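Participant: Give me a 3D structure for the following:
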Amino acid sequence: MDILIRPATPADHDAVAELTAQAYLRDGLLDFGESDAYLGVLRDVAGRAAAAEVLVAVEHDRVLGSVTFVPSGGPMADIAGPGEAEIRMLAVAHAARGRGAGEALVRACVDRARATEGCVRVVLSSQRTMHAAHRLYERLGFVRTPERDWNPLPELDDITLVTYELTL
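Facilitator: Next comes the predicted model:
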């Protein structure tokens, strides 16, 4: 399999928006389904690309997956502090899962972090139920950082995100 990781282009934005939204919806990761406010954030690829780097995994010009790389605590960062890069919104199309696209995207983010001056670690947040993603992160050397776990919606008690970090 020849998966290419590259920056998303404006021509990719619609495919990335739908792929990301469908990945979260099909996995039951949005509490309110199609009416979940976060769905709009997931679909706003142009907004993400303006504030961070959106990468895609492609095979034969077909987008298999996407991730947002936030270098050095940029405006898209949720938890990254000084000297930290952040990985956000990793999504792989259901039909492409298990073929290495997610791993290739995470490795590309780690490579970008290593190339970022002053960056000493990569951090990320994940929903508790994203077990396949957790296995991937741990296989690549990320460790849980429960002291950084956080709730993006304090009014909803059950939305605590778990966190991971990889020291470079």
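
Participant: any residues touching the lowest-mean-pLDDT helix or strand in the chain, and which ones?
Facilitator: Least confident element among the helices and strands of the chain, by mean pLDDT, DSSP states H and E: helix 37-43 (a mean of 82). Helix 37-43 is contacted by residues 17-18, 20-21, 24-25, 30, 89, 91 when judged by C-beta atoms under 8 Å, 6 or more residues apart in numbering. Backbone N, C-alpha and C define where each C-beta goes, glycine included.

Participant: Which of those residues fall within helices?
Facilitator: With helices taken from DSSP state H, the overlap with the contacts of helix 37-43 comprises 17-18, 20-21, 24-25.

Participant: Weed out the non-buried ones from these.
Facilitator: 17, 20-21, 24 (16 or more other C-beta atoms under 10 Å).

Participant: Return the member of those nearest to Pro71.
Facilitator: Nearest to Pro71, judged by C-beta to C-beta, of these is Thr20 at 19.9 Å.

Participant: measure the closest one to Asp14 for me?
Facilitator: As defined by C-beta to C-beta, to the nearest Å, Thr20 lies at a distance of 11 Å from Asp14.

Participant: overlap in contacts of these two?
Facilitator: Here Thr20 and Asp14 have Val45 as joint contacts, going by C-beta under 8 Å, 6+ apart.

Participant: List the residues that contact the closest residue to Leu64 other than its chain neighbours.
Facilitator: Nearest residue to Leu64 in three dimensions, chain neighbours excluded: Ala96, at 3.9 Å (C-beta to C-beta, 6 or more residues apart in numbering). Taking C-beta under 8 Å, 6+ apart as the contact definition, Ala96 lies against 57, 59, 64-65.

Participant: Any buried residues in stretch 65-84, and which?
Facilitator: For stretch 65-84, a neighbour-count test (16+ other C-beta under 10 Å) marks 65-73, 76-77, 79-80, 84 as buried.

Participant: which ones among those residues are found in strands?
Facilitator: Of the positions in the buried residues of stretch 65-84, 65-70, 84 sit in strands, assigned by DSSP state E.

Participant: Take the residues you listed and write them to CSV, including pLDDT.
Facilitator: Written out in CSV, the entries for these read as follows (pLDDT from 0 to 100):
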residue, pLDDT
Gly65, 97
Ser66, 98
Val67, 98
Thr68, 97
Phe69, 98
Val70, 97
Glu84, 97
